[in-house]
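Participant: Sequence first, predicted model second:
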Amino acid sequence: MDATAKKKNISRLWMLALIYTLVMLTFFAMKDFIKNVRTGSNRYEIRYETEKTLSDEQMIYRLYINDEYVKDVDINKYSYVDENGKTDYKYCALIENANSLTSTLLLAIMFVIVVFIVKDSISSTPFTKKNVNRIRLLSALQISFAVFPGAVSMMVCFFRFNYYSADFTIRSFYPLIIAFITGLISTVFDIGVKLQEDSDSIV
């Protein structure tokens, strides 16, 4: 086996491992969402508990389902109330699940696109029109990643509580900045494609 074939096989194994990881992440996100949908609201509980660290003790809000610990939570995300002044911990968990599932699906699609870019670039030049279009699609998906999960959470929350509260920080704009950078990279690739075409025409 020559060096090129060996390199292709190693790259193929890495891509398969990545795709498998993405499939499993998506599967578990979907599984958590379906599990929460099927679990009764009375099975959800928020407990304010002491967490012992090496230096001191801290009080932390924790989500329990069927008396089993699930995760530490931000109590602000579990304080939505309906018109009767009652909250619904199950629905608050579903809001987070919907956000997580949407984010995971978008990330999976983006990684698959990257895998195809790498796959086609192993044996030939990466400067192709197909890769330019793929990178532009990545940029569009990154914009969706910045907007769509939050929009899904907002719609799910409005359906039950008729309002939504969100915190916006500089980190909220990071995906948009990355999308802008990815768009610039697609422009560079487009220039590379034209130079490659000019070079091929001369030869």
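Facilitator: Okay, I see it. Numbers count the residues shown, from 1 in each chain.
Participant: Where do the helices of the protein begin and end?
Facilitator: Using DSSP state H, the helices of the chain run over 3-38, 89-122, 129-161, 174-202.
Participant: looking at the ones you listed, which is closest to residue 83?
Facilitator: Closest to residue 83 of these is helix 129-161 (C-beta to C-beta; 8.6 Å). C-beta coordinates here come from the backbone N, C-alpha and C atoms, glycine included.
Participant: Which elements pack onto that closest one?
Facilitator: Identification of packing neighbours for helix 129-161 by 3 or more C-beta pairs under 8 Å, 6 or more residues apart in numbering; DSSP states H and E yields helix 89-122, helix 174-202.
Participant: residues contacting the residue nearest to the spatial centre of the chain?
Facilitator: Central residue of the chain (C-alpha atoms, centre = their mean): residue 103, 3.0 Å from the mean position. For residue 103, the contact set (C-beta atoms under 8 Å, 6 or more residues apart in numbering) comprises 145, 149.
Participant: pLDDT weak spots in the chain?
Facilitator: For the chain, applying pLDDT under 70 flags the ranges 1-8, 11, 52-56, 166-171, 200, 203.
Participant: hmm, back to that, Throw the helices of the chain into CSV and include distance to residue 70, thanks.
Facilitator: Formatted as CSV, these follow (distance: least, C-beta to C-beta, whole Å):
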stretch, distance to residue 70
helix 3-38, 9
helix 89-122, 8
helix 129-161, 18
helix 174-202, 27
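Participant: Would you tell me which of those gets closest to residue 50?
Facilitator: Going by C-beta to C-beta, the one of the helices of the chain nearest residue 50 is helix 89-122, 20.4 Å.
Participant: beta partners of residue 44?
Facilitator: Assessed by DSSP bridges, residue 44 has beta-bridge partners residue 65.
Participant: Hmm, residue 93 and it touching each other?
Facilitator: Yes: with contact defined as C-beta atoms under 8 Å, residue 44 reaches residue 93; the gap is 6.5 Å.
Participant: Pull up the gap between residue 158 and residue 146, please.
Facilitator: Distance check for residue 158 against residue 146: by C-beta to C-beta, to the nearest Å, it reads 20 Å.
Participant: okay, these two: which has more neighbours?
Facilitator: Between residue 158 and residue 146, counting by other C-beta atoms under 10 Å, residue 146 is the more crowded of the two (18 against 11).
Participant: tell me the contacts of the more buried one?
Facilitator: Contacts of residue 146 by C-beta under 8 Å, 6+ apart are 172, 173, 174, 175, 176, 179.
Participant: List just the nearest of the residues you listed to residue 163.
Facilitator: Among the contacts of residue 146, residue 172 lies closest to residue 163 (C-beta to C-beta), at 19.3 Å.
Participant: if you count what's nearby, which of residue 44 and residue 93 comes out ahead?
Facilitator: A count of neighbours by other C-beta under 10 Å puts residue 93 above the other of residue 44 and residue 93, at 26 against 21.
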